[in-house]
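Engineer: Predicted coordinates and the sequence they were generated for:
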Amino acid sequence: MLHVDFAILKTWNPPLMNAAGRKAVWTSVSAQGLQLTNSLEEAAWDVDPAQVHICQQCGVYGCYEGGYVRITRLEEHVLWTAPYMDETMDRLDIDTVASAIYERGAVAIPTQVWESWRSRVNNLPAASSFPAATRRELAAAWRMEAHPGLRELPWMEMLAHISEKLLASDSLGYDQAMDQIHALLDWFLEAPAEPLAGALKPLKATQARLEVLRFDGPAERDWPALAYEHGAWLPALGADWLYSEA
Ligand SMILES: [Zn+2]
């Protein structure tokens, strides 16, 4: 997950002209070396999926191939996740997702950072106007942390792959680790539209212990998928963040 503590805003001129026949002025946003949007002014914020990379020739939604995100609000964050291919939430639409999500997983923007962008570009919707994040978005954020090839599989294929390749996790044997993966998937899938009652928390600010799934294969395929805190198993979002309702 990419947590946007600090972003760089730059104004630039796309080739397109504005209604008055002058060069348009757009504001791009980058964080940790990745562009989040090429135009705070023209990104399609109020469409689902939103498009955060807009065609610089015409400025029309959908002309640029890709740049799509689903935008929700999760407590103190505006959360960008990969859109699903369809309603079943079985597969993420990796081919058209915004490049920052492809590279780093979900993008979490603190609402105060979002509001600071809004103070510069006033057509930006308020953070509070986005729909509440549900288990569907948390599942999308969670699975993006798995290695490419695993993260985009339909759930059952993903589960089959994990059960075939998993060796163990840091403190759990194979069977116990599989039980926790099953329990988390059941929770995601039994009520995908349920709004989330918790929040994203930095691992450092909790007592949680990270639990990395170790696979039979190169170490870069290992997945820090879970965290353990006060008797509860929680979804980890990369090595530094977790989701908790405590
Ligand atoms: Zn175009």
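Structural biologist: Arrived safely, thanks for sending.

Engineer: use CA for all of it now, contacts and neighbours both
Structural biologist: OK.

Engineer: In the chain, what residue spans correspond to strands?
Structural biologist: 2-3, 8-12, 26-31, 34-37, 50-51, 68-74, 77-81, 107-110, 166-169, 199-202, 209-215, 223-229, 232-235, 241-244 (DSSP state E).

Engineer: what's in contact with the second one?
Structural biologist: Contact partners of strand 8-12, identified using C-alpha atoms under 8 Å, 6 or more residues apart in numbering, comprise 25-31.

Engineer: cool, and the first one?
Structural biologist: When contacts are taken as C-alpha under 8 Å, 6+ apart, the neighbours of strand 2-3 outside the stretch itself are 104-109.

Engineer: Look up how far the ion lies from the residue sitting nearest the centre point of the chain.
Structural biologist: What sits nearest the mean C-alpha location of the chain, by C-alpha atoms, centre = their mean, is A106, with 1.7 Å. Distance, A106 to the ion, by C-alpha to the ion, to the nearest Å: 26 Å.

Engineer: Could you report the neighbour count for V4?
Structural biologist: As a burial measure, V4 scores 17 neighbours (other C-alpha atoms under 10 Å).

Engineer: do you know which of the strands of the chain lies nearest T134?
Structural biologist: strand 68-74 (8.4 Å; C-alpha to C-alpha).

Engineer: okay, now the closest residue to the ion within the chain: neighbour count?
Structural biologist: In the chain, the residue found nearest to the ion is C58; the distance is 4.1 Å by C-alpha to the ion. The number of residues packed near C58 is 14, by other C-alpha under 10 Å.

Engineer: Spell out which parts of the chain neighbour the ion.
Structural biologist: With the criterion set to C-alpha under 5 Å from the ion, the chain comes near the ion through 55, 57-58, 63.
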